[in-house]
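K.L.:
Please find the sequence and the predicted model below.
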Amino acid sequence: MKIKSKKAVNVIYRCRVCGYVYDPSQGDPVRGISPGVDFLDLPDGWRCPICKYTKKEFREIKL
Ligand SMILES: [Zn+2]
């Protein structure tokens, strides 16, 4: 039995202002974001929990 990985690359998003990292596999439980929610699927009102900047300040990082 073969098991294929769902994702070829892991992608996280880092706030370029304060360095906070959003990891989709962890989500953001404190703010009601379940693990597995992609960064792009976060509500537009979501902001960096640390510095409160918007999603636009985040940069994609491929692991
Ligand atoms: Zn930040």
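P.N.:
Ah, there it is. Residues are numbered from 1 along each chain as shown.
K.L.:
Quick one: name the residues of this structure near the ion.
P.N.:
Taking C-beta under 5 Å from the ion, the part of the chain that reaches the ion is made up of Cys15, Val17, Cys18, Tyr20, Cys48, Ile50, Cys51. Bear in mind the C-beta positions are built from the backbone N, C-alpha and C, glycine included.
K.L.:
Dump those to JSON lines, plus secondary structure.
P.N.:
Below are the residues of the chain next to the ion laid out as JSON lines (DSSP: H, G, I helix; E, B strand; the rest coil):
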{"residue": "Cys15", "secondary structure": "strand"}
{"residue": "Val17", "secondary structure": "coil"}
{"residue": "Cys18", "secondary structure": "coil"}
{"residue": "Tyr20", "secondary structure": "coil"}
{"residue": "Cys48", "secondary structure": "coil"}
{"residue": "Ile50", "secondary structure": "coil"}
{"residue": "Cys51", "secondary structure": "coil"}
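K.L.:
Buried only: go through those residues for me.
P.N.:
Neighbour counting by 16 or more other C-beta atoms under 10 Å classes Cys15, Tyr20, Cys48 among the residues of the chain next to the ion as buried.
K.L.:
could I get those as JSON lines with distance to Val30 and pLDDT?
P.N.:
Converted to JSON lines, those look like this (distance: C-beta to C-beta, whole Å; pLDDT from 0 to 100):
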{"residue": "Cys15", "distance to Val30": "15", "pLDDT": "98"}
{"residue": "Tyr20", "distance to Val30": "12", "pLDDT": "97"}
{"residue": "Cys48", "distance to Val30": "12", "pLDDT": "97"}
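K.L.:
Name the nearest of these relative to Phe58.
P.N.:
Nearest to Phe58, judged by C-beta to C-beta, of those is Cys15 at 5.6 Å.
K.L.:
State the distance from the closest residue in space to the closest one that isn't next to it in sequence to Val9.
P.N.:
For Cys15, ignoring the flanking residues on the chain, the nearest one in space by C-beta to C-beta, 6 or more residues apart in numbering is Cys48 at 4.6 Å. With the distance defined as C-beta to C-beta, to the nearest Å, Cys48 ends up 23 Å from Val9.
K.L.:
On the strand side of things, show who the spatially most central residue of the chain bridges to.
P.N.:
In the chain, the residue lying closest to the centroid (C-alpha atoms, centre = their mean) is Tyr22, at 3.4 Å. Taking DSSP bridges as the rule, Tyr22 bridges to Tyr13.
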